[in-house]
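Undergrad: Next come a sequence and a model predicted from it.
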Amino acid sequence: MIRMTAKPIDPSELRKALFDPAAGAYCGFEGWIRNENDGQAVLRLEYEVYEPLAISEGESILAEARDRFPHLHAHCVHRTGLLEIGECAVWVGVSAPHRDAAFHACRYIIDHLKVRLPIWKKEHYVDGHSGWVNCERCATHGKAAL
Amino acid sequence: MKSITVRYFAMFREHAGVDAETLSLEAATARDVFSATRERHGSAEPSGHCKVAINDVMADWDSPVNDGDTVLLFPPVAGG
């Protein structure tokens, strides 16, 4: 399951849907809004999402993870709209029989989500200007897992 | 000539000044549509960093376009 939401993300509630008597491991990733990027002080972030394809491409990524890691449950929620510093922008949660698969599946999903989903973020800076973030840097950070 | 509806997102929408527009183009592929919009709106973003969809299905720059298609132009994405 993947969905987009304009409301705050509550991982402690979302993880309950991953409970499975056969699962011995849960791994969650939360992406938070931080107050700095490339030396610029960030005030808030704005996410634009093209939801029809964000959902279909996201479901493809979750299906790929399930193919790679047997008996995996995987969910994701991504925020839309204006977010303040410290808010959770994206949550990925997985459960699996063992921790190795849980860690790797979680990493696989977040790395692919960041570079494949039609989602854009605009940073609003403390000094008043704003700019769209080009995520080539994200792709570089995640390339080991791609 | 083909009638192609182009939808713009994020920085492309800001460059174009519109969410979408329908253009008459001599375009064989998605790449041709992208080139035409770059000339029209002056966007310098290379297509290699961008993604394209046709009629809500992810496509390649070499994918053919047909009369009546909607081409969605995605600037470099940055989820998470």
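TA: Nice, thanks for sending it over. Numbering: from 1, shown residues only, chains lettered A, B, ... in the order given.
Undergrad: Surely A:Ile61 is in contact with A:Lys114?
TA: No - using C-beta atoms under 8 Å, A:Ile61 makes no contact with A:Lys114, being 10.3 Å away. (Glycine included, C-beta is placed from N, CA and C.)
Undergrad: So what's the residue count around the residue lying closest to B:Ala28 once chain neighbours are set aside?
TA: Closest residue to B:Ala28 apart from its sequence neighbours, by C-beta to C-beta, 6 or more residues apart in numbering or on different chains: B:Pro64 at 6.4 Å. Neighbour count for B:Pro64, taken as other C-beta atoms under 10 Å in any protein chain shown: 13.
Undergrad: what pLDDT does B:Pro64 get?
TA: Per-residue pLDDT puts B:Pro64 at 98.
Undergrad: phi, psi of it?
TA: Per-residue torsions, B:Pro64: phi -70, psi 150 (degrees, to the nearest 10).
Undergrad: Equivalent analysis for B:Ala36, please.
TA: Torsion angles, degrees, to the nearest 10, at B:Ala36: phi -60, psi -40.
Undergrad: Quick one: residues contacting B:Val65.
TA: Contacts here follow C-beta atoms under 8 Å, 6 or more residues apart in numbering or on different chains; on that basis B:Val65 touches B:2, B:4, B:27-30, B:32-33, B:54, B:71.
Undergrad: and with 10 Å instead?
TA: Shown in contact with B:Val65 (C-beta atoms under 10 Å, 6 or more residues apart in numbering or on different chains): B:2, B:4, B:25, B:27-33, B:52, B:54-55, B:59, B:71.
Undergrad: Which of those are buried, as a PyMOL select command?
TA: The buried residues among the contacts of B:Val65 can be selected in PyMOL (16 or more other C-beta atoms under 10 Å in any protein chain shown) with this line:
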select buried, chain B and resi 2+4+25+27+29+30+31+32+33+52+54+59+71
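Undergrad: What are the boundaries of the strands in chain A?
TA: A:2-5, A:25-32, A:36-37, A:40-49, A:73-79, A:81-84, A:88-96, A:119-125, A:130-132 (DSSP state E).
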